[in-house]
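**Q** Have a look; sequence and predicted model below, questions after that.
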2 protein chains.
Amino acid sequence: MPIRIIIFEDNDRLRDSLAYLLKTSGEFEVAGDYNNCKEAASITRVYKPDVVLMDIDMPGESGIQGVRQVKETRPETAVIMYTVFEDNEKLFECLCAGANGYLLKKTSPDNLFDAIREVVDGGAPMSPSIAKKVLSSFQTNKTNNKYDLTQREIDVLQLLTKGYSAKIIASELDIASETVRTHLKNIYQKLHVNCGKEAIAKVLKEHIL
Amino acid sequence: MPIRIIIFEDNDRLRDSLAYLLKTSGEFEVAGDYNNCKEAASITRVYKPDVVLMDIDMPGESGIQGVRQVKETRPETAVIMYTVFEDNEKLFECLCAGANGYLLKKTSPDNLFDAIREVVDGGAPMSPSIAKKVLSSFQTNKTNNKYDLTQREIDVLQLLTKGYSAKIIASELDIASETVRTHLKNIYQKLHVNCGKEAIAKVLKEHIL
DNA sequence: CAGGTTCTCCCACAAATGAGGTATTGATAT
DNA sequence: ATATCAATACCTCATTTGTGGGAGAACCTG
């Protein structure tokens, strides 16, 4: 049976040609196409699509909220973002919202078809530049250099992010706890934070270390 | 000019056939192939490969340490992991170590060639199941349910992970700071931690919330 | 209605933390 | 040789936190 698809895309011409392309392939069935995703939840509930193609920039509700609606309503439906945006912020918001794939609009129809098949297969199709950004997000920022931390400060900070107290850190590093406190003071200054909790949050959120 | 490749793979037969395949394609040049990555750094320094194919399970130094060596020595060299492992731990260790791609050994030669071209092009080739795991890692665990946190506790925890003190959290939520402290007590119990710092670390590392 | 849960607030005390200092040592750079 | 920096260590003081209690109001559920 054909793969059932729903399209959310506010550009009428693009949406029409997408729908046409998919329909005529014989492999896909377009169960609906919409120029906004206000009703994304109920549409998903009714048509139970295998795949949703979701634009980001749409009038009213954004595609990011759209993904959330679809995934909350029916997690089995795979959502592929289909957009011109490749900035980190929108990208990672979509991924956190539950997107199963992320294609740039410059993707060729052939690759789009491949991507739809892949996502139905449980994969996670991404345009190469997107995959690059995603992988890069794992690579520890060498921004520790940006904050000019010394080796010892990095040692201390590393243990701090495990939730250790000054005393424990001291015994781990085999130095006095007062020394650890001195290091912590300097670390807070360099990271522009006011306490250990903020420091931990900053380090873990920005992948410093 | 051809793409210059170095292979680290301890299975002699596989390594030989890989090298043969790549060489005979005309598109690639195999600058060297090794059954261990002890000398990965100096090899990289000398041969300046465009791409390194890196197995994980090798005698002596693991491929994960291999990636680190290569990327520290020459960040421009793209490293593609080539392995049978698809467990999260090894995967994310490799990504953090700086891997530019991650292929399973079941990948067909054609796809391998594509992947090498893609990584030279600045992309990040991944086997579909790997891409899936990577994307999934962004999706916030609904394991908050696992810890049985109430809505209010989630509110408090969310603000805690910004590094806020009990007082600040209290004023944000418009309740007494003593109430916040009560919530924190309960949160620590549910998360099985002993202090706020540990709680923040746990939440941010495990993507709870 | 009784019992449970959630959210709210308060008290008290020991321990930890943040913030301000000062100071010594060894290595490195000028 | 002199100055700077990193790492070490100690002191003080106000504040915050962890932990132990108790307790009332709102709400659901059986």
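**A** Sure, I can see it.
**Q** CA atoms for contacts and neighbours, from now on please.
**A** Noted.
**Q** quick one: contacts for the residue of chain A most remote from its centre?
**A** When distances to the mean C-alpha position of chain A are computed (CA atoms, centre = their mean), the maximum falls on residue A:176, with 42.0 Å. By CA atoms under 8 Å, 6 or more residues apart in numbering or on different chains, the contact set of residue A:176 is A:167, A:170.
**Q** if we go to 10 Å?
**A** Residue A:176 sits next to A:166-167, A:169-170 when contact means CA atoms under 10 Å, 6 or more residues apart in numbering or on different chains.
**Q** Ok, residue A:131 next?
**A** If a contact means CA under 10 Å, 6+ apart, then residue A:131 has A:101-103, A:124-125, A:137, B:100-101, B:122-126, B:131, B:134-135 as its contacts.
**Q** ok, the lengthiest helix in chain A near chain B or not?
**A** Using DSSP state H to define each element, chain A has its longest helix at helix A:177-191. No. Helix A:177-191 is not in contact with chain B by CA under 10 Å from any CA of the partner chain; minimum separation 12.4 Å.
**Q** Now do whichever helix or strand comes after that helix and helix A:177-191, the angle between them.
**A** Note on helix A:177-191: by DSSP states H and E, the next helix or strand toward the C-terminus is helix A:196-205. On the basis of axes from the mean of the first three to the mean of the last three CA atoms, to 10 degrees, helix A:196-205 is oriented at 60 degrees to helix A:177-191.
**Q** Tell me how many other residues surround residue A:162.
**A** 17 (other CA atoms under 10 Å in any protein chain shown).
**Q** secondary structure class for it?
**A** Here residue A:162 is coil, with the state taken from DSSP: H, G, I helix; E, B strand; the rest coil.
**Q** Tell me who's in contact with it.
**A** Applying CA under 10 Å, 6+ apart, the residues contacting residue A:162 are A:169, A:200, B:197-202, B:205.
**Q** swap in residue A:40?
**A** Residue A:40 touches A:6, A:8, A:34, A:52, A:61, A:63, A:65-71, A:73, counting by CA under 10 Å, 6+ apart.
**Q** give me phi/psi at residue A:52?
**A** Reported as degrees, to the nearest 10, the phi and psi values for residue A:52 are phi -120, psi 130.
**Q** Check it and give its pLDDT.
**A** You'll see residue A:52 listed with a pLDDT of 98.
**Q** so how many other residues sit close to it?
**A** If you count neighbours by other CA under 10 Å, residue A:52 ends up with 29.
**Q** and what of residue A:86?
**A** Residue A:86 has 16 neighbours, counted by other CA under 10 Å.
**Q** now residue A:199
**A** Neighbour count for residue A:199, taken as other CA under 10 Å: 23.
**Q** And for the one 3 residues further on?
**A** Here the count is done by other CA under 10 Å, and residue A:202 has 19 residues near it.
**Q** That one contacts residue A:187, doesn't it?
**A** No. With contacts counted by CA atoms under 10 Å, residue A:202 stays clear of residue A:187, the gap being 11.8 Å.
**Q** which residues do the two both contact?
**A** Shared contacts of residue A:202 and residue A:187, defined by CA under 10 Å, 6+ apart, comprise A:193, A:196.
**Q** What's the mean pLDDT across stretch A:91-107?
**A** Averaging pLDDT along stretch A:91-107 yields 95.
**Q** That one and chain B in contact?
**A** Yes. Using CA under 10 Å from any CA, stretch A:91-107 comes into contact with chain B via A:92-102.
**Q** what do you get for stretch A:193-203?
**A** Yes. Stretch A:193-203 is in contact with chain B by CA under 10 Å from any CA, via A:193-203.
**Q** quick one: which two of these are the most distant?
**A** Greatest spatial distance in these: A:194 and A:203, 13.5 Å, computed using CA to CA.
**Q** which of these two has more neighbours?
**A** Neighbours per residue (other CA under 10 Å) separate residue A:194 from residue A:203, with residue A:203 holding more: 19 against 14.
**Q** Nearest spatial neighbour of that one, chain-adjacent residues omitted?
**A** Distances taken as CA to CA, 6 or more residues apart in numbering or on different chains place residue A:209 nearest to residue A:203, at 7.0 Å, with adjacent residues excluded.
**Q** pLDDT wise, what is the spatially closest residue to residue A:62 that is not a sequence neighbour at?
**A** Among residues not flanking residue A:62 along the chain, residue A:56 sits closest, at 5.6 Å (CA to CA, 6+ apart). Residue A:56 is assigned a predicted lDDT (pLDDT) of 96.
**Q** if we can go back for a sec, the contacts of residue A:40, buried ones only, as a PyMOL selection?
**A** Of these, the buried ones can be selected in PyMOL as follows, counting by 16 or more other CA atoms under 10 Å in any protein chain shown:
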select buried, chain A and resi 6+8+34+52+63+65+66+67+68+69+70+71+73
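**Q** Just the contacts of residue A:40: which are in strands?
**A** Judged by DSSP state E, strands contain the following of these: A:6, A:8, A:34, A:52.
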